[in-house]
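Engineer: Structure of the sequence below:
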Amino acid sequence: MADGNILMGVIGRPHGVRGLVRVHSFTADPADLTAYAPLIDDRGNAWTLSWRGEGFAELRDAAGKPVADRSAAEKLVNLRLYAPRDRLPPTAPDEYYLADLEGLLAVGADGAQIGRVSAVHDYGAGAILDIQTACGTIMVPFTHACVPVVDVPGGQITVLPPDEVEVRDLPETATAEDAA
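Structural biologist: Purely as a prediction, here's the structure:
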């Protein structure tokens, strides 16, 4: 997040009828999520959580009131929980958080400016960088082959975008079923 907060977890579906919720933690050990309390949502509301079982927790608001019931828990599905960046452990000199990549200048192998990293997405199969260029946004896999140099203190990354995938015309005798 641009305001210095780092996404730490997301509320999932309710668990039971007493207001417990499933929590998807982005910490190395999910149990460590409680150490970053209070967590802040997109609207600035503070939350604390207490694990009640494997992957589900009791969530409490800033006043210490737990989520009342299943109906209230359903309203919290997909709520994102953040912690201020300064609460996270420091990184080693050659390490960084994915959120640290946002805003970095993206340059090519020749040093020419490509654009800036506008977002980092990770849907579970590896991170993808959105790079805002003068012509629009390009998406680049965050792999060593495509991003061989990351210099967070220097404020830039080196990007070698993969070759475009070219879709060739089918021979005139081929059908759409042949292509599948």
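
Engineer: Could you use CA atoms for every contact and neighbour count after this?
Structural biologist: OK.

Engineer: Domain map for this structure?
Structural biologist: Following automatic domain parsing, one finds the domains of the chain at 5-86, 100-158.

Engineer: need these in JSON lines with mean pLDDT, mean neighbour count and distance to residue 94, can you?
Structural biologist: What follows is the domains of the chain, written out as JSON lines (pLDDT from 0 to 100; neighbours: other CA atoms under 10 Å; distance: least, CA to CA, whole Å):
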{"stretch": "domain 5-86", "mean pLDDT": "94", "mean neighbour count": "17", "distance to residue 94": "18"}
{"stretch": "domain 100-158", "mean pLDDT": "93", "mean neighbour count": "16", "distance to residue 94": "9"}
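
Engineer: Determine which of those approaches residue 92 most closely.
Structural biologist: Evaluated over the domains of the chain, closeness to residue 92 peaks at domain 100-158, with 12.0 Å, by CA to CA.

Engineer: can you give me the offset of that closest one from its chain's centre?
Structural biologist: Relative to its parent chain, domain 100-158 has a centroid offset of 14 Å by CA atoms, centre = their mean, to the nearest Å.

Engineer: Adding distance to residue 92, write the domains of the chain out as CSV.
Structural biologist: CSV is the format used below for the domains of the chain (distance: least, CA to CA, whole Å):
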stretch, distance to residue 92
domain 5-86, 15
domain 100-158, 12
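
Engineer: beta partners for residue 6?
Structural biologist: On the basis of DSSP bridges, residue 6 is bridged to residue 83.
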